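K.L.:
Have a look; sequence and predicted model below, questions after that.
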Amino acid sequence: MTTMNTGMDDQIADAEAGAEVPDLPLPKMHRQLHPVLKGHVEIEHVTVEFKDNVVAVKEASLEVKPGEFVCLLGPSGCGKSTLLNCVAGFVKPTVGSVKLDGARVTKPGPDRGMVFQQHSLFPWKTVKDNVAFGPLMAQQGKHTADKVARTLLGMVGLSAYENSFPGVLSGGMKQRVGIARALANYPNVLLMDEPFGALDAQTRAMMQENLLQIWGEFGITVIFVTHDIDEAVFLADRIIVMSASPGRLIADIKVNLPRPRAAEVVSNEHYIATKRRCMDLIRAESLRAFAQQDDRA
């Protein structure tokens, strides 16, 4: 499989000189043909309450089937990230449980990969060493870890930058390294907390298409947090809409759009109808969130 486009000599020279380089397109990939057997997430009656009786999530129940791409959509502060962190094992539910493939989630583990809004790469490590970090921590040995890192960097189109440091990469390229690192232990579930929120619109659109290519190659379960309606409709098999705080799951919307998806899908009638439905729900919840803030004031 080709891992880099031709005509990149100037960008590589810039990286070696320490200059920030632009985003590069990913190689084309194909949808995983084998059935996905793992990555079954069950969220059962989860409530999360923090100190001072602040309820972030209330009575959330959700099943995500193996290989599904599910977006959590809701207004700011509705508990989307909190619920995602329960699946990651970073936050323990006050009430209820989260299960992955039948086992209760009690702590973080290599069966779940996490991508944050900020890339969170180690600035003192090379791109390759950042991706190899997970396999090394899993006691796989340097040779195996480096092999895994190089394979994944090839998949995200960054093989030429394996010896570069994160500081010379553009924002989109850093997030692609972050995605490769999250996949380095070959998890059953990829958890993504607004990973493209800090990117400009053009780069964000490209990253969304790139993510779908990577998901197609791995075929794993993805739970993706966003407040961007267009992003949710473009990416997801299902959109789970959350209410204003305390976060409740108020809608489960099936996105009946064909895959693979390209930018032209935005003119599809179902895309427009799904977007309108999401907008109506989010607007109502955002108004309720503003009203709550006024009451507290």
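P.N.:
Thanks, I have it.
K.L.:
Which residues does the most centrally placed residue in the chain form beta bridges with?
P.N.:
In the chain, the residue lying closest to the centroid (Cα atoms, centre = their mean) is M192, at 2.4 Å. Beta-bridge partners for M192, by DSSP bridges, are V115, F224.
K.L.:
That one contacts T221, correct?
P.N.:
No: M192 lies out of contact with T221 (Cβ atoms under 8 Å); the separation is 11.3 Å. Quick note: C-beta positions are derived from backbone N, CA and C, even for glycine.
K.L.:
where do the strands sit along the stretch 1-150 of the chain?
P.N.:
Taking DSSP state E, counting those that start in this stretch as the criterion, the stretch 1-150 of the chain carries its strands at 41-50, 54-64, 69-73, 95-100, 103-104, 112-115.
K.L.:
hmm, back to that, for the residue nearest to the centre of the chain, list the residues it contacts.
P.N.:
Shown in contact with M192 (Cβ atoms under 8 Å, 6 or more residues apart in numbering): M114, V115, L211, V222, I223, F224, V225.
K.L.:
same check, this time on N188
P.N.:
The neighbourhood of N188, defined by Cβ under 8 Å, 6+ apart, consists of K38, G39, P66, L100, D101, D111, R112, I220, T221.
K.L.:
ok, now with 6 Å
P.N.:
Contact analysis of N188 by Cβ atoms under 6 Å, 6 or more residues apart in numbering lists K38, G39, D111.
K.L.:
ok, of those, which come out buried?
P.N.:
With burial judged by 16 or more other Cβ atoms under 10 Å, the buried subset of those is G39, D111.
K.L.:
Report the distance from stretch 266-281 to the chain centre.
P.N.:
Distance of stretch 266-281 from the chain centroid (Cα atoms, centre = their mean, to the nearest Å) equals 22 Å.
K.L.:
Please disregard the earlier target; I meant stretch 250-260.
P.N.:
In terms of Cα atoms, centre = their mean, the centre of stretch 250-260 is found 17 Å from the chain centre.
K.L.:
And what about L281, helix, strand or coil?
P.N.:
Look at L281: counting by DSSP: H, G, I helix; E, B strand; the rest coil, its state is helix.
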